[in-house]
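**Student:** Turn this into a model:
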Amino acid sequence: RLGEECARLKEIFDGVSSDSMILLDESLSSTGSYEASYIAAEILTGFSAVKCRTLFSTHLHELAAMIDDINAKGGAPIDTLVAGIDSGKRSFKIYRAKPDGKSYARDIANKYGLSLDSIMKKINR
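**Tutor:** Model (predicted):
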């Protein structure tokens, strides 16, 4: 799957310009987060150099930590946005901020009864 994704991203680069808008959703999720972050940083650096508008939705927190280094190379500036949590609940509001390193996956799993406690209660009925 990673090879297919890289081939599609190459096609995007073949036609990208400063008038382009690129939308990427969880790209590079078919490899480990360290390698995905490294590849994504190079891709974002390229899009920044072209000065195209890009939205990269990801859970790659390592990538967010690289933004200052990417911006130091010049090109269009890159910023980070996060989905908000208000009073412990998802607000779905978007804020300009650095990620806190959490994806709140446990909250979602708990909502669907996938905590160990819930699973054991179901098994022991």
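**Student:** in which helix or strand would I find Arg90?
**Tutor:** For Arg90, the host element (DSSP states H and E) is strand 89-96.
**Student:** Please go through the protein and pick out the longest helix.
**Tutor:** Taking DSSP state H as the criterion, the chain has its longest helix at helix 33-50.
**Student:** other SSEs contacting it?
**Tutor:** helix 2-15, strand 53-57, helix 61-65, helix 67-71 (3 or more Cβ pairs under 8 Å, 6 or more residues apart in numbering; DSSP states H and E). Every C-beta, even on glycine, is put in place using the N, C-alpha and C of the backbone.
**Student:** Next, the residues that contact that helix from outside, please.
**Tutor:** Residues from elsewhere that reach helix 33-50 (Cβ atoms under 8 Å, 6 or more residues apart in numbering): 6, 9, 13, 16-18, 20, 22, 27-29, 31, 54, 56, 58, 60-63, 66, 69-71, 73-78.
**Student:** Show me which residues of it are buried.
**Tutor:** Buried residues in helix 33-50, counted by 16 or more other Cβ atoms under 10 Å: 33, 36-41, 43-48, 50.
**Student:** Any chance of CSV for those residues, columns pLDDT and distance to Asp117?
**Tutor:** Output for the buried residues of helix 33-50, formatted as CSV (pLDDT from 0 to 100; distance: Cβ to Cβ, whole Å):
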residue, pLDDT, distance to Asp117
Ser33, 90, 28
Ala36, 94, 32
Ser37, 94, 33
Tyr38, 94, 37
Ile39, 95, 38
Ala40, 95, 36
Ala41, 95, 39
Ile43, 95, 41
Leu44, 95, 40
Thr45, 95, 44
Gly46, 95, 46
Phe47, 95, 44
Ser48, 95, 45
Val50, 95, 50
